[in-house]
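> quick one, fold the following:
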Amino acid sequence: MKAAYTPYTLNFITPGGTSRGVMRTKDTYFIKLWDENNPEIYGIGECALFKGLSAEDDDSYEAKLKELCHNVNIGEATDLSGYSSILFGFETAIQDYSNGGKRICYPSKFTEGKYRIPINGLVWMGKKDEMIARIDEKVAAGFGTIKLKVGAIDFAQELEMIEYVRKRYSEHELVIRLDANGGFTPDNALSRLDSLSKYGIHSIEQPIKAGQWEESAMVCSKSPIPIALDEELIGITNPMMMMELLKCIKPHYIILKPSLMGGFSGSLEWLQMAAQFQIGGWITSALESNIGLNALAQWVTTLEPRMPQGLGTGTVFSNNIISPLTQVDDYLAYDCDAKWQIPDFKWINV
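Now for the predicted structure:
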């Protein structure tokens, strides 16, 4: 077995605004696995490093990718603990290669075009009028659930925006999820959540910054809106610590990004632990290209999701990889008649 990798920069069509800042590009890496006796058949995965958010975002990242490829080439194992996104990409490449190198990682009714995954529509932060226009666009496109990024602009304006949306669309017409990305503080979180609760909010992700377990536990216990943890889970891979976090904070939901949370294997462990505490959850993209999103969608299908998933990010990049993934109303589907168009990457052989 041989392995190689390549970096790739994704360009946003419209800059993506969050409480952590505005994103215009996102760097990622692809890894390729093949048999040198039959190089036309290969598996490809995405090592979706998320700078500023991934726990493994440091100077050793590319060195670890080189180490992995070198070890694959000589038939040795690599310790990927602490390198979640590399594990995510490696797992994907293995699954793809094992299924014939056709970008079918987890064969299912989804990859047969017989099942569609319910998804929410993502609305980036912006000025109030911009966000309202984007919300109207999502509803017109067929979305019944939207996710709004909050916590960066003036809170009074955010309330006005949400009030406008709720007056325009009832709770039966539109489910509203919020994501604060840690934009509130322990001191103002409950008052803000109380104000938001008047508008029939389904849930809010990460109201305060990660790493404040006691404060998060207090917010979860008193919040009138169900709380979902997201960034709080990143970098925690020890099963005992995972269990302690869930016991301490007691969130209503956990939101999993496999490329940030131990790959597919680590994410499944989180889901299984959460189920012991009757904690629900769903899967979201960490802004992967269609290579990573494809693997996510196929894996999610094996979980038989009931709630909308956060997989509606395939159309945010101008130079995304052309794939059979397609968005139909508020569903992600797989068009069996469409073809992958993998660019002629300059693979780095180690």
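> my guess is Pro7 meets Thr28, correct?
Yes - here Pro7 reaches Thr28: they are 7.5 Å apart, a contact under Cβ atoms under 8 Å. No exception for glycine: its C-beta is placed from N, CA and C like everyone else's.
> those two - which one has more neighbours?
Set Pro7 next to Thr28 and count neighbours by other Cβ atoms under 10 Å: Thr28 wins out with 24 against 15.
> so what strands line up beside the helix or strand hosting the more buried one?
Using DSSP states H and E, Thr28 maps to strand 21-35. Its sheet considered, strand 21-35 pairs with strand 2-18 (antiparallel), strand 38-47 (antiparallel) by DSSP bridges.
> next secondary structure after the shortest one?
Same thing as strand 38-47. Next element after strand 38-47 (DSSP H and E): helix 61-74.
> which parts of that next one are buried?
61, 64-65, 67-69, 72 (16 or more other Cβ atoms under 10 Å).
> tabulate the residues you listed (JSON lines), appending distance to Ser191 and pLDDT.
Shown next, in JSON lines, are those (distance: Cβ to Cβ, whole Å; pLDDT from 0 to 100):
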{"residue": "Tyr61", "distance to Ser191": "40", "pLDDT": "94"}
{"residue": "Lys64", "distance to Ser191": "44", "pLDDT": "97"}
{"residue": "Leu65", "distance to Ser191": "45", "pLDDT": "96"}
{"residue": "Glu67", "distance to Ser191": "49", "pLDDT": "97"}
{"residue": "Leu68", "distance to Ser191": "48", "pLDDT": "98"}
{"residue": "Cys69", "distance to Ser191": "51", "pLDDT": "97"}
{"residue": "Val72", "distance to Ser191": "53", "pLDDT": "97"}
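> of these, closest to Gly312?
Ranked by distance to Gly312 (Cβ to Cβ), the buried residues of helix 61-74 are led by Tyr61 at 27.3 Å.
> the residue lying closest to that closest one once chain neighbours are set aside: neighbour count?
Nearest residue to Tyr61, sequence neighbours excluded (Cβ to Cβ, 6 or more residues apart in numbering): Leu49, at 6.1 Å. Applying other Cβ under 10 Å, we find 26 residues neighbouring Leu49.
> how about Ser60?
Residue neighbour count, defined by other Cβ under 10 Å, stands at 12 for Ser60.
> give me the phi and psi for it.
phi -90, psi 0 (degrees, to the nearest 10).
> contacts only, for Tyr164.
Residues in contact with Tyr164 (Cβ atoms under 8 Å, 6 or more residues apart in numbering) are Ile132.
> what's the answer for Tyr42, then?
Tyr42 touches 32-34, 96-97, 101, counting by Cβ under 8 Å, 6+ apart.
> list just the nearest of those residues to Ala210.
Of all the contacts of Tyr42, the one with the least separation from Ala210 (Cβ to Cβ) is Asp96, at 32.0 Å.
> show me what contacts the residue lying closest to the closest one once chain neighbours are set aside?
Nearest residue to Asp96 in three dimensions, chain neighbours excluded: Gly43, at 3.5 Å (Cβ to Cβ, 6+ apart). Applying Cβ under 8 Å, 6+ apart, we find Gly43 in contact with 32-34, 92-98, 101.
> and the pLDDT at Gly43?
Note on Gly43: pLDDT of 98.
> ok, it to Ala295 distance?
10 Å (Cβ to Cβ, to the nearest Å).
> nearest residue to the middle of this protein?
Per Cα atoms, centre = their mean, the C-alpha nearest to the average position across the chain is that of Ser285, at 2.1 Å.
> wait, doesn't that residue sit right on Lys257?
Yes - taking Cβ under 8 Å as the definition, Ser285 is a contact partner of Lys257 at 7.1 Å.
> show me how this structure divides into domains.
Annotated domains of the chain cover 2-104+343-349, 117-334 [automatic domain parsing].
> mind putting those in TSV, distance to Phe110 included?
Listed next are the domains of the chain as TSV, based on distance: least, Cβ to Cβ, whole Å:
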stretch	distance to Phe110
domain 2-104+343-349	10
domain 117-334	4
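> before I go, just wanted to say thanks for your time.
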